[in-house]
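> what's the 3D shape of this:
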Amino acid sequence: MRPGGGRGARCRRMVRPGHWGVRARVERFSEPALLLLLRERATHGYELLEALPALTGEARVDMGNLYRVLRALEEDGLVTSRWESGDPGPAKRIYELTEQGRRLLDEWAAALLRSRDRLDTFLQRYEGG
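Numbering: from 1, shown residues only. Alright, predicted model coming up:
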């Protein structure tokens, strides 16, 4: 890998000489976070937008990206949506997890458990000196 380049450059940066800012994150973690929120209850995009940062650790979620991910999930049969107009104001699109989406969420959870095991092994070895 080239110094200063390559894949690692996205998760670390020098903040001042001799000090690094490291951002340990799971790629595409917004997808399982969305699936989990939708397993908890069917809801509209704005509520998902407000709830996602607590799960992902991101300070801000891009609204356009959220709706692109929701559309892709729907195209893949993982999520369904419907228009609901019960409250005052404009109709809202409500998103709901499908059975296939629940199975994918199960797979995400299993993969994250495997990652957690690797992280625990790393941290135990690190703490051991």
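> Give me the buried stretch members for stretch 35-48, please.
35, 37-38, 42-45, 48 (16 or more other C-beta atoms under 10 Å). All C-beta atoms are positioned from the backbone trio N, CA, C, and that covers glycine.
> Setting aside sequence neighbours, what's the nearest residue to Arg93?
Ser81 (5.1 Å; C-beta to C-beta, 6 or more residues apart in numbering).
> doesn't that neighbour fall inside a strand?
Yes. Assessed with DSSP: H, G, I helix; E, B strand; the rest coil, Ser81 lies in a strand.
> partners of it in the sheet?
Tyr95 (DSSP bridges).
> Keep only those of the buried residues of stretch 35-48 that are in helices.
35, 37-38, 45, 48 (DSSP state H).
> which stretch of helix or strand covers Val26?
Using DSSP states H and E, Val26 sits within no helix or strand.
> List the pairing partners of the lowest-mean-pLDDT helix or strand in the chain within its sheet, with orientation.
One helix or strand of the chain scores below all others by mean pLDDT, DSSP states H and E: strand 19-22, with a mean of 75. Sheet pairing of strand 19-22 (DSSP bridges) gives strand 12-16 (antiparallel).
> Nearest to Glu96 among the ones in helices among the buried residues of stretch 35-48?
Leu38 (6.4 Å; C-beta to C-beta).
> Count residues in the vicinity of the closest residue to that closest one other than its chain neighbours, would you?
In space, and not counting its chain neighbours, Leu38 is closest to Leu97: 4.0 Å by C-beta to C-beta, 6+ apart. In terms of burial, Leu97 registers 22 neighbours under the definition other C-beta atoms under 10 Å.
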